[in-house]
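Chemist: Quick one, what's the 3D model for this:
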Amino acid sequence: MKEIHLLGKKIILDRSKVLLDYKPGPDWQNYWMPMGGHWEYQDGCLIGTEAGNKGGILFSKEAFDTNVMLTFTVSTVLPATRDLNAVFCAHWDQETDYLGESYVCGLNGWYEHKSGIERNNIGTSNLYATTSHYQYEPGTEVRICCGAIDGHCFMLVDDCMVSELIDPVPIKGGHVGFSPYCTKLRIKDIEIREIYYEPFVQTYEAEF
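Modeler: As a prediction, the model looks like this:
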């Protein structure tokens, strides 16, 4: 895949600078900060576990002030089946000691095996784009790509667009990371890129 087509925008991957290309190893805490849940390294993967009805959170050590995208390979660790979640433009709320203003995307979530994107506002959410049409097979590996261009959020799974969400009041900057919500995930082959995009003019031609 060389380009990602969004509504009105075209991300050009060859011109999107790689900021981190990381295969998990024993040095993982040099790059990532556990903020919630239990995190460990096993056999080339990061394993994230959260048994409670909340999100375990792993943040990138670096916060980004530019538009970035996060790509990674992930699966649930059976018998866990749900909430393969990532976060971007993510901030931590010191008062609640939990995820603050952030975008969250995921598969098999929202209590009814939905997939999509939401804006998290200090423990609550008021902006969603979800679907029940994408069905994840628990235990299988998928490649997720997600991010935002000034509030224009997107999530692809195995190069297929699953969700877009345009936030009229965008979150600026922040960390990227992962969030197993009451589940257990295996994560590997992580890449962060600074997004380069161009306007994408889209028009219809008459079909009849």
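Chemist: who does residue 147 bridge with?
Modeler: On the basis of DSSP bridges, residue 147 is bridged to residue 69, residue 154.
Chemist: Would you mind measuring from it to residue 190?
Modeler: 13 Å (CB to CB, to the nearest Å). Just so you know, the C-beta spots here come from the backbone N, C-alpha and C atoms, and that holds for glycine as well.
Chemist: And residue 3, by the same measure?
Modeler: 21 Å.
Chemist: before we move on, what about residue 84?
Modeler: Per CB to CB, residue 84 is found 14 Å from residue 190.
Chemist: rewinding a little: tell me which of residue 3 and residue 190 has more neighbours.
Modeler: More neighbours surround residue 190 than the other of residue 3 and residue 190, with 23 against 13 (other CB atoms under 10 Å).
Chemist: what sits against the more buried one?
Modeler: Contact partners of residue 190, counting by CB atoms under 8 Å, 6 or more residues apart in numbering, are 20, 21, 22, 23, 24, 70, 71, 72.
Chemist: Looking at neighbours, which among the residues you listed is most surrounded?
Modeler: Neighbour tally across the contacts of residue 190 (other CB under 10 Å): the maximum, 24 neighbours, falls on residue 70.
Chemist: where does the protein have its least confident helix or strand?
Modeler: The helix or strand of the chain with the poorest confidence is strand 124-131; it has a mean of 85 (mean pLDDT, DSSP states H and E).
Chemist: For that strand, buried residues please.
Modeler: 127, 129, 130 (16 or more other CB atoms under 10 Å).
Chemist: Name the nearest residue to the last one, sequence neighbours excluded.
Modeler: When the adjacent residues along the chain are set aside, residue 130 lies closest to residue 116, with 3.3 Å between them (CB to CB, 6 or more residues apart in numbering).
Chemist: contacting residues for residue 84?
Modeler: By CB under 8 Å, 6+ apart, the neighbours of residue 84 are 74-76, 106-109, 136, 142, 144, 180, 183, 185.
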